[in-house]
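Engineer: structure, please.
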Amino acid sequence: MATPLLSVSDLALNLGDRWLLRHVDLAVSPGDRLVFVGRNGAGKSSLMKLIAGYAEPDEGSRWCAPYCSVAYLPQSPFFKASMSLSSHVLNGLDDGPQMSIEDRRKLAYKADAIIGRLGLDPAQMTDNLSGGERRRVSLARALVSDPDVLLLDEPTNHLDLPTIEWLENMLKARKGALILISHDRAFLRALGNGILWLNQGALRRRQGAFDEFEDWSEAILAEEAVRLHKLDKKIAEETRWSHQGISARRKRNQG
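Structural biologist: A predicted model of the protein is given here:
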């Protein structure tokens with residue numbers, strides 16, 4: 001088994017009146033392409049932010065290998081004003097002490113190419129970008145760094161079909177790990193080799209294609225329904241015996 005690039009252990013997130021996440025464990029290894037599913041409001045984006053290290057959990061820990069690089073596409077990216085899109089995408093990526101002038105030039109060329117492929121002008125300024133443009137620029141920043149672990153939250157939003165197909169092919173060609181949230185089921189089917197399912201605060205994992213999700217999740221829900229039915233039946237029987245015992249004691253005391 002490959003050494004994990006990144007892992008989280010016993011993670012929990014409290015919203016004040018309830019636990020959104022509890023006892024979450026996950027290890028991400030090279031070659032993982034995990035599609036992350038769950039109903040709206042289940043906490044997928046919140047957990048992705050914790051995995052990325054962009055937020056702190058209320059319980060648990062996060063570990064990242066010393067050599068591991070992580071890139072994250074959030075739903076609401078932050079932008080500095082009055083920067084070119086090219087500068088924003090490269091900000092912090094091209095200032096490593098070991099990066100040569102030639103490597104910086106290649107990275108800048110790659111950044112401009114990705115920005116252009118996403119339908120934007122690298123010389124455009126970050127001021128007055130629409131929400132869709134901000135998402136595409138942030139996607140370019142996540143892709144250009146070619147990280148060991150890539151975390152994408154709804155990357156196909158605001159993309160046309162040819163661009164989605166281009167992105168799909170790029171992600172298939174990557175050797176690094178990927179965790180992907182998307183409502184685009186065709187995109188998930190094309191990319192996933194494993195499934196993460198967040199349901200009622202608990203995270204489950206299964207190796208296999210996204211097409212296997214429905215049968216897998218329905219079987220788990222059916223098992224839980226049977227277990228809860230047995231538990232409810234047991235509680236009802238214990239309650240009935242308790243009431244009968246109280247009634248018997250009352251009659252005895254009255255006697």
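
Engineer: can we go C-alpha only for contacts and neighbour counts from here?
Structural biologist: Fine.

Engineer: count the residues that sit near Leu178.
Structural biologist: A total of 27 residues lie near Leu178 under the criterion other CA atoms under 10 Å.

Engineer: ok, now how distant is it from Trp19?
Structural biologist: The gap separating Leu178 from Trp19 is 26 Å, by CA to CA, to the nearest Å.

Engineer: all helices for the stretch 101-250 of the chain, in order.
Structural biologist: In the stretch 101-250 of the chain, the segments counted as helices under DSSP state H, counting those that start in this stretch are 101-117, 131-144, 161-173, 185-191, 213-254.

Engineer: which parts of the second one are buried?
Structural biologist: Looking back up the chat, that one is helix 131-144. 133-144 (16 or more other CA atoms under 10 Å).

Engineer: do the same with stretch 178-190
Structural biologist: For stretch 178-190, burial by neighbour count (16+ other CA under 10 Å) applies to 178-182, 187-188.

Engineer: one step back: flag whichever of the helices of the stretch 101-250 of the chain has the least confidence on average.
Structural biologist: With a mean of 62, helix 213-254 has the lowest mean pLDDT of the helices of the stretch 101-250 of the chain.

Engineer: and the pLDDT at the residue nearest in space to the middle of the chain?
Structural biologist: Central residue of the chain (CA atoms, centre = their mean): Met48, 3.7 Å from the mean position. Looking at Met48, its pLDDT stands at 95.

Engineer: that one contacts Val149, doesn't it?
Structural biologist: No: look at Met48 against Val149 with CA atoms under 8 Å: they stay out of range, at 11.9 Å.
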